[in-house]
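Visitor: Here is a sequence with its predicted model. Questions after.
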Amino acid sequence: MNAYLQIHPNDNVLVALQDLPAGMEISFNGHQIQLQQHVAAKHKFLIEDIREGDPVTMYGVLVAKASKNIRRGESMTTGNVVHDANAFHEKDGSLEWQAPDISQWKNRSFLGYHRADGQVGTRNYWLVIPLVFCENRNVGVIKTAFEKGLGFAPAEVYNEQVADLVSLYKSGNLEAIKNYEAGNITATNKRNVIFPNIDGIKFLTHEGGCGGTRQDSDALCALLAGYIHHSNVAGATILSLGCQHAQVSILQESLKKLNPDFNKPLLIYEQQTSASEFAMLSAAIKDTFLALIEANKQTRQPSPLSKLVIGLECGGSDGFSGISANPAVGHTSDLLVALGGTSILSEFPELCGVEQELINRCQTRSISDKFIRIMRAYENQAQSVGSGFYMNPSPGNIKDGLITDAIKSAGAAKKGGTSPVTDVLDYTEYATKPGLNLLCTPGNDVESTSAEVGSGANVVLFTTGLGTPTGNPIAPVVKLATNTKLADRMKDIIDINTGTIISGAHSIAEMGEEILEYVIKTASGEIRTKAELLNQDDFIPWKRGVSL
């Protein structure tokens with residue numbers, strides 16, 4: 001395993017691939033560099049002396065400028081560099097893409113659920129959705145009834161632990177409570193024997209629908225419409241209070257925009273026009289049960305890989321993200337695009353500094369102009385409330401080597417591979433063009449993942465260097481560790497280890513191919529991701545202008 005890496009020949013920093021002690025002599029390009037201090041794995045150090053205001057380059061792009069003089073062999077820190085990034089402008093170039101070899105997958109298929117509108121799902125879910133937070137409790141009532149009645153409820157392992165502790169307390173055995181150790185649990189996929197062709201009933205509670213702005217409610221309805229229209233959904237039960245901003249009519253109009261011929265079962269109940277809460281919930285439960293009988297008649301059938309729509313996501317990123325997991329996922333995206341499939345790259349604050357490359361990868365001027373317009377509007381909105389993209393990196397990101405937003409962004413963009421950009425989507429717009437789509441979302445991983453799925457992703461590839469349990473209610477989320485230490489430490493949430501790229505055991509291309517094979521098995525229902533097994537159903541709509 002190499003001790004350090006120069007990512008791009010124009011970079012004036014090296015990345016430590018392992019902990020490097022102070023005073024260590026580094027031989028690079030015929031020069032000797034003495035480390036001025038200990039450099040932790042994932043962090044960077046300078047290969048030349050630079051003065052205050054000079055540029056720092058990684059991935060071949062500007063990622064920072066020196067805030068003081070920095071000596072060769074000195075680490076990059078928040079104390080000696082600040083965020084800086086290249087400006088962007090109208091499209092001034094074009095991409096001649098060399099697609100990867102896809103011969104081994106050309107005749108491959110996955111087993112999916114074919115919908116009337118031509119979409120193919122990787123799962124078969126029924127949704128129960130409140131149009132306003134006032135109905136969250138009622139959704140919870142339906143959830144308890146169905147999960148326990150149909151056997152979808154998660155195992156109550158922690159309830160059993162509390163029961164053990166109560167028993168020990170009743171017996172007066174306080175010492176046994178102090179020494180109590182719970183047994184390890186293994187998450188398993190619980191299949192329903194009543195409706196074996198239904199993967200589950202999912203409940204999308206949220207804090208929106210009223211209060212806030214009308215734009216927030218409209219955006220919520222558009223996002224919920226994307227979930228109902230989604231290939232992984234057979235139908236939905238909707239609970240409305242009646243007086244809220246997020247009216248049923250707005251949801252129905254959003255569904256019409258997605259598909260004028262929308263014909264999935266949509267069961268709608270409004271509390272303020274119902275005889276009683278009990279009557280409304282009883283009717284919703286009975287009608288939903290009847291709808292489940294019909295949804296259970298759908299079975300998996302062969303489908304071309306072109307029907308896959310992959311979300312490209314990261315969260316809890318580290319200094320290895322842009323070297324291992326992200327470029328590997330990028331190669332998977334390139335393979336899928338070459339096969340006629342679709343991928344979605346989001347998190348616009350984490351594209352800061354690489355905008356021009358993406359602009360020039362756009363297939364047409366109108367697509368690139370839309371990207372520029374949305375990106376500038378988003379950053380202006382952030383600045384208007386005293387923030388900016390430069391504030392995106394979290395304390396965990398910074399601790400693990402992502403010192404500036406431009407460093408984080410240059411690595412995050414690698415998830416998008418090298419293929420042309422075929423479309424740019426504003427928040428809640430649905431992906432309809434095969435190829436790489438750019439979707440405007442915040443960098444917050446749950447808001448972004450929620451949006452990618454709302455725009456049609458039927459599998460999500462989620463890279464992480466620090467570890468995060470994020471999942472999604474209706475799309476399987478494949479979690480990829482950027483480093484082997486994380487994969488070994490958090491085996492309960494990690495699906496794939498890409499740390500073997502860092503050690504040299506696998507190339508980026510080899511790992512990208514392995515990921516595609518994993519996606520095919522996941523899409524066919526052969527594999528349930530760790531997030532699915534742990535019932536990690538995160539769903540957060542974006543209130544635009546509030547989150548970065």
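Guide: Looks like it came in fine.

Visitor: max-length strand in the protein?
Guide: In the chain, with assignment by DSSP state E, the single longest strand is strand 233-240.

Visitor: Format the CA atom coordinates belonging to that strand as CSV.
Guide: C-alpha atoms of strand 233-240 as CSV (Å, rounded to 0.1, in the frame of the first residue of the first chain):
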residue,chain,number,x,y,z
VAL,A,233,-45.1,2.1,-5.3
ALA,A,234,-48.3,0.2,-6.1
GLY,A,235,-50.7,2.8,-4.7
ALA,A,236,-51.3,5.1,-1.7
THR,A,237,-53.6,6.0,1.2
ILE,A,238,-53.8,9.8,1.8
LEU,A,239,-54.9,11.4,5.1
SER,A,240,-56.0,15.0,4.9
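
Visitor: for it, packing partners?
Guide: Strand 233-240 sits against strand 125-130, helix 136-150, helix 214-229, helix 248-258, strand 266-270, helix 277-295, with contacts defined as 3 or more Cβ pairs under 8 Å, 6 or more residues apart in numbering; DSSP states H and E. To be clear about C-beta, it is placed using only N, CA and C from the backbone, and glycine gets the same treatment.

Visitor: for the longest one, which positions count as buried?
Guide: What that stands for is helix 277-295. By 16 or more other Cβ atoms under 10 Å, the buried positions in helix 277-295 come out as 280-281, 284-285, 288, 291-292, 295.

Visitor: And it, how far out from the chain middle?
Guide: 32 Å (Cα atoms, centre = their mean, to the nearest Å).

Visitor: Show residues contacting that helix.
Guide: 124, 126, 128, 138, 141-142, 145-146, 195, 197-198, 201, 234-235, 237, 239, 265, 267, 269-271, 274 (Cβ atoms under 8 Å, 6 or more residues apart in numbering).

Visitor: Now a PyMOL select for only the buried ones of the residues you listed.
Guide: To isolate the buried members of those in PyMOL, using 16+ other Cβ under 10 Å:
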select buried, resi 124+126+128+138+142+145+146+195+198+201+234+235+237+239+265+267+269+270+271+274
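
Visitor: coming back round to it: which among the helices and strands packed on strand 233-240 is found nearest to D334?
Guide: helix 214-229 (25.4 Å; Cβ to Cβ).

Visitor: how about that closest one: buried residues?
Guide: Buried-residue list, helix 214-229, by 16+ other Cβ under 10 Å: 216-229.

Visitor: quick one: that helix to helix 248-258, angle?
Guide: 60 degrees (axes from the mean of the first three to the mean of the last three Cα atoms, to 10 degrees).

Visitor: Averaged pLDDT, helix 214-229. What do you get?
Guide: Mean pLDDT, computed over helix 214-229, is 96.

Visitor: That one - contacts with which helices or strands?
Guide: strand 125-130, strand 233-240, helix 248-258, helix 445-454.

Visitor: Apply 6 Å and report the result again.
Guide: Helix 214-229 makes packing contacts with helix 248-258, helix 445-454 when contacts are defined by 3 or more Cβ pairs under 6 Å, 6 or more residues apart in numbering; DSSP states H and E.

Visitor: ok, then the element right after the last one?
Guide: I take that to be helix 445-454. Downstream of helix 445-454, the next assigned helix or strand under DSSP states H and E is strand 459-464.

Visitor: now what about that following strand, what contacts it?
Guide: 122, 310-316, 321, 325-326, 329, 449, 475-480, 519, 522-523 (Cβ atoms under 6 Å, 6 or more residues apart in numbering).

Visitor: Same question for stretch 400-416.
Guide: 42-43, 58-59, 61, 63-64, 76, 78, 83, 85, 312, 314, 318-319, 321-322, 326-327, 329-330, 345, 350-354, 389-390, 392-393, 397, 436.

Visitor: Whichever of those residues end up buried, select them in PyMOL.
Guide: Entered in PyMOL, the line below selects the buried ones among the contacts of stretch 400-416, by 16+ other Cβ under 10 Å:
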select buried, resi 42+43+58+59+61+63+64+76+83+85+312+314+318+319+321+322+326+327+329+330+345+350+351+352+353+354+389+390+392+393+397+436
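
Visitor: Filter the contacts of stretch 400-416 down to the ones in strands?
Guide: Per DSSP E, the contacts of stretch 400-416 map to strands at 58, 61, 63-64, 83, 312, 314, 345, 436.

Visitor: Mind telling me what element D538 is part of?
Guide: For D538, there is no host helix or strand (DSSP H and E).

Visitor: and the closest residue in space to it that isn't next to it in sequence, how far is that from P473?
Guide: Take D538 and drop its neighbours on the chain: the residue closest to it by Cβ to Cβ, 6 or more residues apart in numbering is V446, 4.6 Å away. Using Cβ to Cβ, to the nearest Å, V446 is found at 11 Å from P473.

Visitor: In the stretch 351-500 of the chain, mark out all the strands, start to finish.
Guide: 421-425, 435-439, 459-464, 477-481, 496-497 (DSSP state E, counting those that start in this stretch).

Visitor: Could I get those in CSV, plus columns for distance to Q32 and mean pLDDT?
Guide: Formatted as CSV, the strands of the stretch 351-500 of the chain follow (distance: least, Cβ to Cβ, whole Å; pLDDT from 0 to 100):
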stretch, distance to Q32, mean pLDDT
strand 421-425, 43, 98
strand 435-439, 43, 98
strand 459-464, 35, 98
strand 477-481, 34, 98
strand 496-497, 35, 98
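
Visitor: of those strands, which approaches R376 most closely?
Guide: strand 421-425 (12.8 Å).

Visitor: neighbouring contacts of that closest one?
Guide: Contacts of strand 421-425 (Cβ under 6 Å, 6+ apart): 361-363, 367, 370-371, 433, 435-439, 455.

Visitor: Strands of the stretch 51-200 of the chain, start to end?
Guide: 55-58, 61-66, 81-83, 109-114, 120-121, 125-130, 200-203.

Visitor: need these in TSV with distance to L534 and mean pLDDT, can you?
Guide: TSV is the format used below for the strands of the stretch 51-200 of the chain (distance: least, Cβ to Cβ, whole Å; pLDDT from 0 to 100):
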stretch	distance to L534	mean pLDDT
strand 55-58	35	96
strand 61-66	35	95
strand 81-83	35	95
strand 109-114	23	98
strand 120-121	21	98
strand 125-130	17	98
strand 200-203	13	96
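
Visitor: for those, which one sits closest to G465?
Guide: strand 55-58 (16.0 Å).

Visitor: Tell me the gap between that closest one and the middle of its chain.
Guide: Strand 55-58 sits 28 Å away from the centroid of its parent chain (Cα atoms, centre = their mean).

Visitor: again with stretch 334-345
Guide: Taking mean C-alpha positions (Cα atoms, centre = their mean), stretch 334-345 and its chain are 16 Å apart.

Visitor: how about that stretch: buried residues?
Guide: 334-339, 341-345.

Visitor: Can you tell me which of these end up in helices?
Guide: 334-338 (DSSP state H).

Visitor: coming back round to it: tell me which of the buried residues of helix 214-229 is nearest to S94?
Guide: Distances from S94 to those, taken by Cβ to Cβ, are shortest for G226, at 31.3 Å.

Visitor: check contacts around the closest one.
Guide: By Cβ under 6 Å, 6+ apart, the neighbours of G226 are 430, 454.

Visitor: at 10 Å instead, please
Guide: By Cβ atoms under 10 Å, 6 or more residues apart in numbering, G226 lies in contact with 233, 254-255, 258, 428-431, 450-456.
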